[in-house]
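>>> Got a predicted structure here, sequence first:
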Amino acid sequence: MTEEFLLPKLPYTYDALEPYYDQQTLEIHHTKHHAGYVTGLNNAVAKLREARESGNFALIKHWERELAFHGAGHALHCLFWENMCPGKEDNKAESELLAALEKSFGSWEKFIVQFKAATVAVEGSGWGVLAADGHGHLHIFQVEKHQDCFVPGLTPLLVCDVWEHAYYLKYQNRRAEWVDNFVKLINWKDVALRYSLIKK
């Protein structure tokens, strides 16, 4: 049976995000953790197909939850990889996106402070998210696990993974330090492109 979902290739080498994101963590994160979500997603799709063919939906709640969990994990990781590029200390959005961030949050500095604070404060495992609505307004929210607390009507543009597997080898329990360094890795060109597509 052909798998419906595949693990994407990264747009950079495993050592490209050093020193902010170490090679070992990135490789394990991609080849083990993300790959595991792809496997779980394909399995859930197959089990739901079997249920339709047999007419036996006794485990429908379980497999729909598996689909949501692994599907959200796969989608968020795909976005996460694209959201990063080799880092720099003075990393900052530009032009239209910068203006939108300043309008939505009051200033670039206030956006950064809120994004970091929200991401660090995720309870347990989850993600910090910058998203846009259909009017081009920008918002920050938290996702717990992979699929809980999404805000209807908002499209994620930028996500920061704060599951422990995303940073623990280098940062241990210093989540705030990881988030500080993630900001240096943000691929603002990618975020700006996603924002431009939302506004059309």
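Perfect, I can see it now.
>>> Which residues belonging to the longest helix seen in the chain are considered buried?
For the chain, the helix that runs over the most residues, judged by DSSP state H, is helix 60-82. Neighbour counts using 16 or more other CB atoms under 10 Å place 63, 66-82 of helix 60-82 among the buried residues. Placement of C-beta: from N, CA and C, glycine included.
>>> Any stretches of this structure with poor pLDDT?
1-2, 200 (pLDDT under 70).
>>> now with 80?
Per-residue confidence for the chain (pLDDT under 80) gives these ranges: 1-3, 199-200.
>>> before we move on, the earlier item: tell me which other helices or strands the longest helix of the chain touches.
Of the remaining helices and strands, those touching helix 60-82 by 3 or more CB pairs under 8 Å, 6 or more residues apart in numbering; DSSP states H and E are helix 35-54, strand 155-161.
>>> That helix to strand 155-161, inter-axis angle?
80 degrees (axes from the mean of the first three to the mean of the last three CA atoms, to 10 degrees).
>>> Helix 60-82 to helix 35-54, inter-axis angle?
Computed by the same axes, to 10 degrees, the angle between helix 60-82 and helix 35-54 is 150 degrees.
>>> Pull the distance from the next helix or strand after helix 60-82 to the chain's centre.
Using DSSP states H and E, the helix or strand that follows helix 60-82 in sequence is helix 95-105. The chain centroid and the centroid of helix 95-105 are separated by 21 Å under CA atoms, centre = their mean, to the nearest Å.
>>> Quick check: next helix or strand after helix 95-105?
helix 108-120.
>>> Which strands or helices does the next helix or strand after that following helix pack on?
Of the helices and strands lying after helix 108-120 in sequence (DSSP H and E), the nearest is strand 126-132. Applying 3+ CB pairs under 8 Å, 6+ apart, one finds that strand 126-132 contacts helix 108-120, strand 138-144, strand 155-161, helix 188-199.
>>> Make TSV out of the ones you listed and add mean neighbour count and distance to G87.
Below are the helices and strands packed on strand 126-132 laid out as TSV (neighbours: other CB atoms under 10 Å; distance: least, CB to CB, whole Å):
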stretch	mean neighbour count	distance to G87
helix 108-120	16	15
strand 138-144	18	21
strand 155-161	23	13
helix 188-199	16	11
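>>> Of all these, which one is nearest Y167?
Nearest of those to Y167, taken as CB to CB: strand 155-161 at 7.8 Å.
>>> partners of the closest one in the sheet?
According to DSSP bridges, strand 155-161 forms sheet pairs with strand 126-132 (antiparallel).
>>> now the strand it pairs with against helix 95-105, angle please.
In terms of direction (the same axes, to 10 degrees), strand 126-132 departs from helix 95-105 by 110 degrees.
>>> Now do the buried residues in stretch 166-174.
A166, Y167, K170, Y171.
>>> And for stretch 30-39?
Quick answer for stretch 30-39 (16+ other CB under 10 Å): H30, H33, H34, Y37, V38.
>>> Can you give me every residue that contacts the second one?
Yep, that's H33 we're talking about. H33 makes contacts with H77, W163, H165, as judged by CB atoms under 8 Å, 6 or more residues apart in numbering.
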